[in-house]
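**Q** The sequence and its predicted three-dimensional model are supplied below.
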Amino acid sequence: MVVPDPTKLSTASGQLGPVCAVTGKALTFGEAIVFDGEYLCMEAYVEKTGASPSTEGKEVQDLNLD
């Protein structure tokens, strides 16, 4: 069983989770992407790999999120 390094964890987001190895952003385990043994946020993953989302966002009419 592999246990995360406690020095790379944070509770800054309100729950226990990893810290992005590139940006230092506090993440939840659900948000984190593991790449080459490091936890990354989406932005850092895209920067490191050159990957891009497979779908494009779309505007939804009559959906007020404010």
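**A** Here it is on my side, so go on.
**Q** Find the helix or strand that V60 is a member of.
**A** Using DSSP states H and E, V60 is not contained in any helix or strand.
**Q** Which pLDDT value goes with it?
**A** Note on V60: pLDDT of 77.
**Q** Number of residues surrounding it?
**A** For V60, the count of nearby residues is 8 (other CB atoms under 10 Å). Where you see a C-beta, it was placed from the backbone N, CA and C, and this is true even at glycine.
**Q** F29 against P18, yeah?
**A** Yes. Using CB atoms under 8 Å, F29 is in contact with P18, at 6.7 Å.
**Q** Tell me which of the two has more neighbours.
**A** With neighbours defined as other CB under 10 Å, F29 and P18 compare such that P18 has more, 23 against 13.
**Q** That one contacts A12, correct?
**A** No. Contact criterion CB under 8 Å: P18 and A12 do not qualify, at 11.0 Å.
**Q** Can you get me a residue count around L9?
**A** L9: 16 neighbours (other CB under 10 Å).
**Q** can you pull the pLDDT of it?
**A** At L9, pLDDT is 87.
**Q** does it really touch V19, like I thought?
**A** Yes. Using CB under 8 Å, L9 is in contact with V19, at 6.8 Å.
**Q** and E47, what helix or strand is that in?
**A** Going by DSSP H and E, E47 is in helix 42-49.
**Q** List the buried residues of stretch 40-55.
**A** Across stretch 40-55, burial judged by 16 or more other CB atoms under 10 Å covers L40, C41, A44, Y45.
**Q** typo on my end, stretch 3-21
**A** L9, S10, G17, P18, V19, C20, A21.
**Q** Serialize these to JSON lines and add fields for secondary structure and distance to E56.
**A** Below are the buried residues of stretch 3-21 laid out as JSON lines (DSSP: H, G, I helix; E, B strand; the rest coil; distance: CB to CB, whole Å):
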{"residue": "L9", "secondary structure": "strand", "distance to E56": "34"}
{"residue": "S10", "secondary structure": "strand", "distance to E56": "32"}
{"residue": "G17", "secondary structure": "strand", "distance to E56": "28"}
{"residue": "P18", "secondary structure": "strand", "distance to E56": "28"}
{"residue": "V19", "secondary structure": "strand", "distance to E56": "30"}
{"residue": "C20", "secondary structure": "coil", "distance to E56": "24"}
{"residue": "A21", "secondary structure": "coil", "distance to E56": "28"}
